[in-house]
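Student: Show me how the following folds:
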Amino acid sequence: MPQFLILADDYKDAEALNRRLSVRKDHLKRMRAEKAENRFIIGGAKLNEKKMVGSMIVVNLDNEEAVKKWVNEDPYITGKVWEHVQIVPFKIAEV
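Tutor: Below is the predicted model of the structure:
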């Protein structure tokens with residue numbers, strides 16, 4: 001199945017981190033379910049020296065349209081955490 005890299009940048013307003021923290025539990029619950037279905041491979045928060053400022057996720061999905069749909073269903077989108085999302089075809093190195 002094709003793999004994709006998702007790079008997301010959070011909003012930068014004063015309440016951005018609070019919004020992230022308020023929906024983080026729902027986001028992580030979804031990632032656990034997606035991992036069980038072999039769609040989520042790996043991911044985590046992008047950090048600056050002080051706080052979480054975005055996310056990096058690698059997924060197994062059929063195509064870029066499926067990834068866009070998948071992203072748009074995430075609590076970090078519906079909760080106004082991610083402002084910009086980049087989707088890139090990706091292949092994990094077999095080492």
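
Student: buried sites along stretch 21-28?
Tutor: For stretch 21-28, the neighbour count (16 or more other C-beta atoms under 10 Å) marks 23-24, 27 as buried. Every C-beta, even on glycine, is put in place using the N, C-alpha and C of the backbone.

Student: and of those, the nearest to residue 59?
Tutor: residue 27 (13.8 Å; C-beta to C-beta).

Student: Distance check, that closest one against residue 19.
Tutor: From residue 27 across to residue 19, the span is 11 Å (C-beta to C-beta, to the nearest Å).

Student: which residues do the two both contact?
Tutor: residue 81 (C-beta atoms under 8 Å, 6 or more residues apart in numbering).

Student: With distance to residue 71, secondary structure and pLDDT added, can I get the buried residues of stretch 21-28 in TSV?
Tutor: Shown next, in TSV, are those (distance: C-beta to C-beta, whole Å; DSSP: H, G, I helix; E, B strand; the rest coil; pLDDT from 0 to 100):
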residue	distance to residue 71	secondary structure	pLDDT
23	14	helix	98
24	16	helix	97
27	12	helix	98
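
Student: mind giving me a markdown table with those and columns for distance to residue 64?
Tutor: Output for those, formatted as a markdown table (distance: C-beta to C-beta, whole Å):
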| residue | distance to residue 64 |
| --- | --- |
| 23 | 24 |
| 24 | 26 |
| 27 | 21 |
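
Student: which of these lies closest to residue 69?
Tutor: Once C-beta to C-beta is applied, the member of the buried residues of stretch 21-28 that ends up nearest residue 69 is residue 27, at 16.4 Å.
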